[in-house]
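*Asks:* Pasting a predicted model and its sequence here:
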Amino acid sequence: MNILIIGGGGREHAMAWAFAQNPKADRIFCAPGNAGIAEDAEITALDVLDSAKVLAFCAEHEIEFVAVGPEAPLAEGLADDLREGGMLTLGPGREAARLEASKAFTKDICAACGAPTAASQTFTDPDAARAYVKAEGAPIVIKADGLAAGKGVTVAETEAQALEALEAIFAEGIGARVVIEEMMTGEEASLFILANGTDFINIGTAQDHKRAFDGDKGPNTGGMGAYSPAPIMTDEVTERAIAEIIRPTLAEMAKRGTPFQGILYAGLMIEAGAPRLVEYNVRLGDPEAQVLAMRLGAQLLDACLACASGELAGYKVSFADDHAMTVVMAAKGYPGSYAKGEAISLPETDDPRIKIFHAGTKAGESGLTSNGGRVLNITARAANLQEARDLAYTTIEQIDWPGGFYRRDIGWRAL
Ligand code: AMP
Ligand code: GLY
């Protein structure tokens, strides 16, 4: 079958690479893609927010399955439009995508179904929000309600920081909404679920590294490295997360007439063996997709197809007893301002345990250049995490790109 992947980052490269290993895949297209994805798929400059154009592209190229990578087109309702147009599609519709697009909505779902999460209140009135912060005191967590590419959250250590974060959100103007919540302590991990209504399967766990620099210092980023599985997600913790958080959430969504179909990414905080929900995303994580795809390989396509076609009941993925790690190489300056268009030279490797996924690259006449903040994801798979880590770091040292930087401590918590 011909397949269209929507997106152009490391996550979509990992999806294209895994799908390409599956004999079911004939031609794979990716919009907009990047220079690395072009090795596993045919890239095309399609306006993915224009559903009519996407459907026309699908008709013209005999596409039978569309997998949507990022959250923005899902929140805009692309999956609804594609399904209405008769296309087999992976990803939630606009209503179900609110699990990521609105933190206030997710809090409401958790309250309705009893899923454990931080105590919180939602405000549209700045004075009431300030009064709440003053009454609760610090530490406290301030979240802008909408999609903010991971930048809408302030974990405030002091009341002054919290008030400053509130001012920044309300400065956005009328209609700004803020969720103020209790700061949870514990260890964070992510659980990835493929769901179709109330049927679902677990497709793996991972841990991300959000801060830019070693020692979990510096500003928050989209993620600087990840590994899978997450050791804290023991069978027991995973079962609790499924029973107490995932299953009730999916039931509540179905009950409201907006069943969730696609990838549900649960960001969890685990303390003393008890998981609580930090947030939902409605897609694979980036860079978590890179380690999941490395472990699942060709199965990822079968699992996504089973999900999109409503055949998840009884479906199972099998994990080889292995570990994967990815290290993100980013442009110096990221997540602030950074240069683009710098020459990059990559090592040749035919080692099947290693894959360099491209997140932000461009192919020019003079060769490969940087074209984003997060640029490369050096990913390796091995029998244990230490070996995966060694493979990833040995590979990264062979990359010639003076304008890039990476964390040297990915996996510190697990190793
Ligand atoms: P979110 O976008 O909601 O995942 O928030 C981004 C990051 O902020 C999370 O990955 C956590 O590290 C942190 N965070 C969010 N909410 C809380 C909370 N209630 N308690 C502690 N940390 C939080
Ligand atoms: N790596 C975090 C995310 O994809 O949201």
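*Replies:* Yep, it's here. Ligands and ions are numbered 1, 2, ... in the order given.

*Asks:* mind checking the SS state of the spatially most central residue of the chain?
*Replies:* With distances taken as C-alpha atoms, centre = their mean, the residue of the chain nearest its centroid is residue 285 (1.7 Å). When classified by DSSP: H, G, I helix; E, B strand; the rest coil, residue 285 comes out as coil.

*Asks:* so what's it up against?
*Replies:* Applying C-beta atoms under 8 Å, 6 or more residues apart in numbering to residue 285 gives the contacts 11, 190, 192, 206, 208, 223, 226, 265. C-beta coordinates here come from the backbone N, C-alpha and C atoms, glycine included.

*Asks:* Residues in contact with stretch 32-45: which ones?
*Replies:* Residues from elsewhere that reach stretch 32-45 (C-beta under 8 Å, 6+ apart): 5, 7-9, 12-13, 16-17, 19-20, 27-31, 46, 48, 57, 356-363, 368, 371.

*Asks:* Give me the ChimeraX select line for these, limited to the buried ones.
*Replies:* Burial among those is assessed by 16 or more other C-beta atoms under 10 Å; the matching ChimeraX selection reads:
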select :5,7,8,9,12,13,16,17,19,28,29,30,31,46,48,57,356,357,358,359,360,361,362,363,368,371
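
*Asks:* Looking at the contacts of stretch 32-45, which are in helices?
*Replies:* Assignment to helices by DSSP state H places the following of the contacts of stretch 32-45 there: 12-13, 16-17, 19-20, 57.

*Asks:* I'd assumed residue 142 was in contact with residue 165.
*Replies:* Yes. With contact defined as C-beta atoms under 8 Å, residue 165 counts as touching residue 142 (4.0 Å).

*Asks:* In the stretch 1-150 of the chain, what residue spans correspond to strands?
*Replies:* Assignment of strands within the stretch 1-150 of the chain using DSSP state E, counting those that start in this stretch yields the ranges 2-7, 28-32, 42-43, 63-68, 88-90, 120-123, 140-144.

*Asks:* Quick one: those strands as a markdown table, columns for mean pLDDT and distance to ligand 1 too.
*Replies:* Shown next, in a markdown table, are the strands of the stretch 1-150 of the chain (pLDDT from 0 to 100; distance: least, C-beta to the nearest ligand atom, whole Å):
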| stretch | mean pLDDT | distance to ligand 1 |
| --- | --- | --- |
| strand 2-7 | 98 | 19 |
| strand 28-32 | 98 | 25 |
| strand 42-43 | 97 | 29 |
| strand 63-68 | 98 | 20 |
| strand 88-90 | 98 | 22 |
| strand 120-123 | 94 | 8 |
| strand 140-144 | 94 | 4 |
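
*Asks:* Which of the ones you listed sits closest to ligand 2?
*Replies:* In terms of C-beta to the nearest ligand atom, the element of those nearest to ligand 2 is strand 2-7, at 11.7 Å.

*Asks:* And for the closest one, what's in contact with it?
*Replies:* 12, 15-16, 19, 25-33, 37, 41, 48, 54, 57-58, 61-70, 73, 78, 301.

*Asks:* just the angle between it and strand 28-32, please?
*Replies:* 20 degrees (axes from the mean of the first three to the mean of the last three C-alpha atoms, to 10 degrees).

*Asks:* How far off centre is the host helix or strand of residue 195?
*Replies:* Residue 195 belongs to strand 187-196 when elements are defined using DSSP states H and E. Its chain's C-alpha centre and that of strand 187-196 lie 10 Å apart, by C-alpha atoms, centre = their mean, to the nearest Å.
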